[in-house]
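A.B. asks: Next comes the sequence, and after it the predicted model I'd like to discuss.
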Amino acid sequence: MRAREAIRSSELAESGHLLRLWRPPLQPGEWRTLGLLGASDDGELERVLASMPLRIWRTDGVTPLAPHPNDPKRSGLRAPMAPENERTAEFLTIFAVSALKEASAQTVDEILERGAACARELADQGEGRALGLWQFADAADLRLILESLPLYGSMTVETTPLGPHPNDPASIAGRRHG
């Protein structure tokens, strides 16, 4: 079954539907995978997920994503999709702006003026939630960067270390070309 899942993952990667796969930290006996998938709509996403052999044994949770103004790909910066060497780790962050809802209008304006343009967008969205994919040598380096963000004191940050997944298209491509 795992071999069939690997073959199907490779096919989905070739078609542009499967972009990345990771393993978060797991408890004994627990199986979880985080994935980044591309689909034109909910129906196409459901067809992609349903086509995977292990689907009958798993439950899928989906978080729709939208472009972010500070995404390195949008700004022309280089953003590698996989760790460049063994000493680089990947982390998923979930930012939730919380204190802005209770703050005075003046305080919100001061916080937003210190932040990037995305801070205003986050506050305007109401929920103030964003996901990030980061690459650092370790969690301590990531923490230093996160604590330097202008909105750091006004948000909660959930950080999940991401481990390699055997069917990750980026890892497979790296093994082919490396």
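C.D. replies: Everything's here; your move. Numbers count the residues shown, from 1 in each chain.
A.B. asks: For stretch 27-36, list every residue counted as buried.
C.D. replies: Taking 16 or more other C-beta atoms under 10 Å as the neighbour-count basis, stretch 27-36 is seen to contain the buried residues 34-36. In short, each C-beta sits where N, CA and C put it, glycine included.
A.B. asks: export it as CSV, just CAs?
C.D. replies: C-alpha atoms of stretch 27-36 as CSV (Å, rounded to 0.1, in the frame of the first residue of the first chain):
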residue,chain,number,x,y,z
GLN,A,27,3.4,10.5,19.3
PRO,A,28,4.0,6.7,19.4
GLY,A,29,1.5,5.0,17.1
GLU,A,30,0.4,8.3,15.5
TRP,A,31,0.6,8.9,11.8
ARG,A,32,0.3,12.4,10.4
THR,A,33,1.4,14.1,7.2
LEU,A,34,1.2,17.8,6.3
GLY,A,35,1.0,18.5,2.6
LEU,A,36,0.9,21.4,0.2
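A.B. asks: Let me know the closest of the buried residues of stretch 27-36 to S10.
C.D. replies: Comparing these against S10 with C-beta to C-beta places G35 closest, at 13.8 Å.
A.B. asks: any idea how far the closest one lies from R55?
C.D. replies: With the distance defined as C-beta to C-beta, to the nearest Å, G35 ends up 12 Å from R55.
A.B. asks: ok, and the closest non-adjacent residue to H17?
C.D. replies: V48 (4.9 Å; C-beta to C-beta, 6 or more residues apart in numbering).
A.B. asks: what sits up against the helix or strand encompassing that neighbour?
C.D. replies: Counting by DSSP states H and E, the element that carries V48 is helix 42-50. Contacts made with helix 42-50 from outside it, assessed by C-beta atoms under 8 Å, 6 or more residues apart in numbering, are listed as 12, 17-18, 37, 39, 55, 60, 62.
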